[in-house]
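S.K.: This is a predicted model, with the sequence first.
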Amino acid sequence: MNVVELKNLRKSFALKRGGLFNRTTTEVTAVAGIDLIVQPGESVAFIGPNGAGKSTTIKILTGIMRPTSGSAQVLGLVPWRDRTKLATRIGAVFGQRSQLWYHLPALDSFELLSRIYNLDKNKYKARRDMLIERFALQPFLNTPVRKLSLGQRMRAEIASSLLHSPEVLFLDEPTIGLDVVARQELRDLMREWNRDEGLTVFLTSHDAGDIEHVARRVVVINNGQVMLDDTVSTVKRRYLGQKIIGARFHEQPGTFDMEGVTELKRSEYAVKLIVDTEKTDIDRVAAAILHAGSVADITIEDPPLEDVIARMYGDQRNGDQRNGTEKASQTGADAK
Amino acid sequence: MNELRKYTWIAWTSARSSWAYFGDAIGRVIFFSIILYIFLRLWTTTFTQTGATHLGGLSITQMLWYLTITEAIMLSGPKVSTLIDEDVRTGTIAVQLLRPMSYAYYRLAMTLGERTIRFLVNLVTGCAIAFLLVGQLPMVGFGMLTLCATLPLAFILDFLGLFLVGLSAFWLEDTSGLLLLYSRGVLIAGGTLIPLDLYPSAVRPILSWLPFANITAGPAHVFVSPLPQDLAMILCRQITGTLVLGAIAFVIYKQALRRVFVNGG
């Protein structure tokens, strides 16, 4: 049985504008015919620019929203019709919204969730203890959530969403606002859980690193439609094979004449490079930077997801145009 | 049974959470004491100036205990509508809807848990102040029983009113106007400050059947004057009010759920 099955899913909203006497209604299409199948145990990154329709699709998948037309099934259930039944089989983490009680320790929230999900007491205790160990929650288990760092809170959030042993986990921007270390820890945990427990992960993020480290399949949507559906390794090779390195120096740095390295920006004491990791290794570039002068600071970043998507979109459009031209010339040939 | 245990635990967690900030609780007790003292002095002056032994059928002792109960109920209410308003505007309602429970019952359980603790604190404080100023009320034990019988539905009625105000966030930009109207309704039309028996006889029957009067005035009335027929009447009005407001809340809630758009993540 497929975990997620979407057929020609559409959702549009009526957007009302103006005052009492000059009110106009415009129909806005958030999801414009999405077809998607997710198999058990897959980890899928569902990405796209702001307003692409990601959140709307997730809200439909979790049963919060009804589509305008088309069909959707999650674990064999129609989400908006069987929302409560589905809720016991899925988990969800929203990076900017907490399901833990702010004034109480995470342990109290776990206890409450065990009642909400009607978990068997012994099974709950075993599961809770296992999650505490795997997510390293013990040191701050009895600290009120309001006193936790964002990284600790997110670990507790994800652990709490796994308490009832969901079959699929929806993660909406789970690493937003986290520092580099906390972000990596969380990515490792999500990947581990997907690999070891066979949990299906459905992730949305604006962070290319999340996609690269957690998912094995990428679905890019734009204007409510699937633009690309491929493996992460393919996408990585084609679109994520670049890193941006920024370096600040105590003195004027020398030039960087290396294959696969392009200078994006240069000021008197700083330089920003874009590195094609297919052509040259990051550590070689880092060594060259250290060689170029006395370094004050160095950062290595992924290119912004928006840029990656813009490139994908550009490729897609070129492909469509090529196909269009081929079709047109074929039609022309047929007419002759 | 499982469902009942689930919501009872939510109420219990909410009660514990309300005591997380001890300073806030102390602040609420001080505020309640000051407000109560001011109203008690006002009514003492009114009785002295008019020379009346009874006003609205209540002696000065009964009047001051009446005010103690109405204020204890009124000031024990959590900010339900504000919380729902926030849930709607920030999209947090989406997180709650992803759990195998009803958002409406979840908020009700939270409110009852927190309110019970707050009311008990107000009651103890209020009783101490009233006892110091006017002494003990006759039949206080029986009054306490009748009060306890009317409190659950009083809290549920108030919750339903505030739940509807909070849900209006699905349609309105700002719900504070409605909240102001509602709270003034409980304060004035509900007989919190002035017993309903002091209102003109033409409006009294209308006011007494409105939900407002059965939140504070009804329980306070059966506390100071614990007559079985009054208790039956208050309970009857409370049940009617709960059924009517409950039905309205059910319809509005169903409509509201269709409007969950949750923009921006």
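M.R.: Looks like it came in fine.

S.K.: Hmm, residue B:216 and residue B:190 touching each other?
M.R.: Yes. The criterion here is C-beta atoms under 8 Å, and residue B:190 meets it with residue B:216 at 5.4 Å. All C-beta spots, glycine's among them, are computed from the backbone N, C-alpha and C.

S.K.: So residue A:227 belongs to a strand, correct?
M.R.: Yes. Counting by DSSP: H, G, I helix; E, B strand; the rest coil, residue A:227 falls inside a strand.

S.K.: Distance check, it against chain B.
M.R.: Using C-beta to the nearest C-beta, to the nearest Å, residue A:227 is found at 19 Å from chain B.

S.K.: What separation do you get for residue A:10 and chain B?
M.R.: The value you get for residue A:10 to chain B, if C-beta to the nearest C-beta is used, is 15 Å.

S.K.: The stretch 51-200 of chain A: helices as residue ranges?
M.R.: A:54-61, A:83-87, A:106-116, A:121-134, A:150-162, A:180-197 (DSSP state H, counting those that start in this stretch).

S.K.: deepest of the ones you listed, which one?
M.R.: helix A:54-61 (a mean of 26; mean count of other C-beta atoms under 10 Å in any protein chain shown).

S.K.: Residue of the stretch 51-200 of chain B closest to chain A, please.
M.R.: residue B:100 (4.2 Å; C-beta to the nearest C-beta).

S.K.: Go ahead and confirm that residue touches residue A:84.
M.R.: Yes. Using C-beta under 8 Å, residue B:100 is in contact with residue A:84, at 4.9 Å.

S.K.: What parts of chain A come near chain B?
M.R.: A:13, A:50, A:55, A:59, A:62-66, A:83-85, A:87-88, A:90, A:92, A:94-99, A:101-104, A:108, A:111-112, A:115-118, A:144, A:172-173 (C-beta under 8 Å from any C-beta of the partner chain).

S.K.: switch to 7 Å and redo it
M.R.: A:13, A:55, A:59, A:62, A:64-65, A:84, A:87-88, A:92, A:94, A:96-97, A:99, A:101, A:103-104, A:108, A:112, A:115-118, A:144, A:172-173 (C-beta under 7 Å from any C-beta of the partner chain).

S.K.: Point out the residues in the stretch 101-250 of chain B that sit beside chain A.
M.R.: Applying C-beta under 7 Å from any C-beta, one finds that the stretch 101-250 of chain B approaches chain A through residue B:101.

S.K.: residue ranges for the helices of the stretch 101-250 of chain B, please.
M.R.: Under DSSP H, counting those that start in this stretch, the stretch 101-250 of chain B gives helices at B:103-134, B:140-167, B:176-184, B:204-209, B:217-224, B:228-257.

S.K.: Now render the ones you listed as CSV, adding mean neighbour count and mean pLDDT.
M.R.: Output for those, formatted as CSV (neighbours: other C-beta atoms under 10 Å in any protein chain shown; pLDDT from 0 to 100):
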stretch, mean neighbour count, mean pLDDT
helix B:103-134, 19, 92
helix B:140-167, 20, 94
helix B:176-184, 15, 94
helix B:204-209, 14, 90
helix B:217-224, 28, 93
helix B:228-257, 15, 94
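
S.K.: Next one: whichever residue of the stretch 51-200 of chain A sits closest to chain B from residue B:23, what distance?
M.R.: Per C-beta to the nearest C-beta, residue A:103 is where the stretch 51-200 of chain A lies closest to chain B, at 3.5 Å. Separation of residue A:103 from residue B:23 (C-beta to C-beta, to the nearest Å): 13 Å.

S.K.: Compare those two and say which is more crowded by neighbours.
M.R.: residue A:103 (17 against 7; other C-beta atoms under 10 Å in any protein chain shown).

S.K.: Spatially nearest residue to the more buried one (excluding sequence neighbours)?
M.R.: Beyond its immediate neighbours in the sequence, the residue positioned closest to residue A:103 (C-beta to C-beta, 6 or more residues apart in numbering or on different chains) is residue B:20, lying 3.5 Å away.

S.K.: What is the burial count for that neighbour?
M.R.: Residues near residue B:20, counting by other C-beta under 10 Å: 14.

S.K.: I'd guessed the residue of the stretch 51-200 of chain A closest to chain B sits against residue A:109; true?
M.R.: No. Applying C-beta atoms under 7 Å, one finds residue A:103 not in contact with residue A:109, separated by 10.4 Å.

S.K.: can you list the domain ranges for chain A.
M.R.: A:4-238, A:242-301 (automatic domain parsing).

S.K.: Deepest in the core, which of those is it.
M.R.: Mean neighbour counts for the domains of chain A (mean count of other C-beta under 10 Å) peak at domain A:4-238, with a mean of 18.

S.K.: Ramachandran coordinates for the residue in the stretch 1-150 of chain B positioned nearest to chain A?
M.R.: Distance from chain A to each residue of the stretch 1-150 of chain B (C-beta to the nearest C-beta) is smallest for residue B:20, at 3.5 Å. Main-chain dihedrals, residue B:20, degrees, to the nearest 10: phi -60, psi -40.

S.K.: Distance of it relative to residue A:144?
M.R.: 7 Å.

S.K.: any common contacting residues for these two?
M.R.: Counting by C-beta atoms under 7 Å, 6 or more residues apart in numbering or on different chains, the contacts common to residue B:20 and residue A:144 are A:103, A:104.
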